[in-house]
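**Q** need the 3D shape of this:
(one chain, ligands or ions: 1)
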Amino acid sequence: MELGATICLPRAPLCLNCPVYAMCSTRGEHATQPRAAQKSRPAAYLLSLRKRGVITEVLLQRRPDDATLMAGMYELPPLPQDVVHGREPTIRLRHAITNTNYYVQVFAPRGSKDQALRRAVPAARADLKWVRASRLNQLALTGLARKILQRLEIMSITPIRLAEEEQPAHDAKRQKRLKGKLKSARS
Ligand code: SF4
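**A** Next up is the predicted model:
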């Protein structure tokens, strides 16, 4: 039983039914810490894909080892807001981390000649890494990066990959949809 959720309710505690009544020095209504206000923030990320033969790779950025949150994990390279102004995102989604709601937009280059987004990535070259789509499941990705890559069907939800001839029909359809997305985002 969760005492705080069922018996010791801050505004109306059920003290007479409480199993720890004898030990409690509060007994009765008590103040609780106010919840931190929810904040909203925009966030933009680059989706850069490239093909090497039949292999698809995605550009990721490693977070600093001294980052307050998710240190050393991989994410899509963040983009400054002013760079993406007026561009249409590939995908929009909302993602909550602690008390902040992030309104996330992901942008892919408009073709191999569109280098503006890639040049705008503030990260050092050493922090960027091309990773095979088939190996994303083995990497320490942030929850947001995982969510984006799975929604775009670049990363499979299950790590098991069947041989091509064993893939069910819906996988073939998924591959076809992915090919369309890759075509517009490919370098
Ligand atoms: S007796 Fe104390 S712990 Fe139990 S419900 Fe009342 S205030 Fe909460």
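**Q** can you give me the first-to-last residue distance of stretch 77-92?
**A** In stretch 77-92, first residue to last residue: 16 Å (CA to CA, to the nearest Å).
**Q** please parse the protein into its domains.
**A** The chain resolves into domains spanning 1-34, 39-185 when parsed by automatic domain parsing.
**Q** using the three-state scheme, assign the residue lying farthest from the centre of the chain.
**A** Residue farthest from the centre of the chain, counting by CA atoms, centre = their mean, is residue 22 at 47.0 Å. Counting by DSSP: H, G, I helix; E, B strand; the rest coil, the backbone at residue 22 sits in helix.
**Q** what does the pLDDT read for it?
**A** Residue 22 carries a pLDDT score of 90 in this model.
**Q** how close does it get to residue 3?
**A** 14 Å (CB to CB, to the nearest Å). Every residue, glycine included, has its C-beta placed from N, CA and C.
**Q** which residue is nearest the centroid of this structure?
**A** Closest-to-mean residue, the chain, CA atoms, centre = their mean: residue 144 / 0.5 Å.
**Q** all helices for the chain, in order.
**A** Shown for the chain, the helices assigned by DSSP state H span residues 3-6, 81-84, 116-120, 143-151, 169-185.
**Q** re earlier: a markdown table please, covering the domains of the chain and showing distance to the ligand.
**A** Output for the domains of the chain, formatted as a markdown table (distance: least, CB to the nearest ligand atom, whole Å):
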| stretch | distance to the ligand |
| --- | --- |
| domain 1-34 | 3 |
| domain 39-185 | 26 |
